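Trainee: Structure, please.
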Amino acid sequence: ALAAAVDEATGAVAGVSDGAVTALAAVVLGRAGFIALIEERNQVLAGNIREACLQPPQHLRGGGEAEDAAGAGAAVVAVLGMAHLEGVRAALLVEQ
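Mentor: Next comes the predicted model:
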């Protein structure tokens, strides 16, 4: 036998449309939370990349000859997932 969900306050039996509305609400709210999390993480990643770019090259940190930080061989490599590429790129292009 199938058990039906009954609202104790009203005695109404939950139908398929009620479940669909609940599922849709969960998807929408879950997606909003996911997007907020991705956007926040994009800002953190962009800030860390920017900070790394402003550091002198590792071989100059020990007090060797002074050379411009943007000199030959100076590079920052960041490996990002596809979900972060555009957001981090946009954050890095914004002047701070």
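Trainee: What residues sit buried inside stretch 77-93?
Mentor: Taking 16 or more other C-beta atoms under 10 Å as the basis for neighbour counts, the residues of stretch 77-93 that come out buried are 84, 87, 88, 91, 92. Backbone N, C-alpha and C define where each C-beta goes, glycine included.
Trainee: Just the residues contacting that stretch, thanks.
Mentor: Stretch 77-93 has contacts (C-beta atoms under 8 Å, 6 or more residues apart in numbering) with 38, 39, 41, 42, 43, 45, 46, 47, 49, 50, 52.
Trainee: give me that answer again for 6 Å
Mentor: Outside of stretch 77-93, the residues that reach it under the criterion C-beta atoms under 6 Å, 6 or more residues apart in numbering are 38, 42, 43, 45, 46, 49.
Trainee: which of the residues you listed lies closest to residue 76?
Mentor: Set against residue 76, the nearest of the contacts of stretch 77-93 by C-beta to C-beta is residue 49 (6.3 Å).
Trainee: Quick check: longest helix in this protein by residues?
Mentor: Among all segments of the chain classified by DSSP state H, the helix with the greatest residue count is helix 16-54.
Trainee: and the gap between residue 23 and residue 53?
Mentor: Between residue 23 and residue 53 the distance is 44 Å, computed by C-beta to C-beta, to the nearest Å.
Trainee: who has more neighbours, these two?
Mentor: When neighbours are counted by other C-beta atoms under 10 Å, residue 53 comes out ahead of the other of residue 23 and residue 53, with 14 against 10.
Trainee: Which residue, other than its chain neighbours, is closest to the more buried one?
Mentor: By the measure of C-beta to C-beta, 6 or more residues apart in numbering, the closest residue to residue 53 outside its immediate chain neighbours is residue 76, 5.1 Å from it.
Trainee: Tell me the secondary structure at that neighbour.
Mentor: Secondary structure for residue 76, judged by DSSP: H, G, I helix; E, B strand; the rest coil, is coil.
Trainee: about what we covered before: next, format the contacts of stretch 77-93 as TSV and append neighbour count.
Mentor: Converted to TSV, those look like this (neighbours: other C-beta atoms under 10 Å):
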residue	neighbour count
38	13
42	21
43	12
45	18
46	22
49	17
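Trainee: Among those residues, which pair sits farthest apart?
Mentor: Taking C-beta to C-beta as the measure, the contacts of stretch 77-93 reach their widest spread between 38 and 49, a distance of 16.0 Å.
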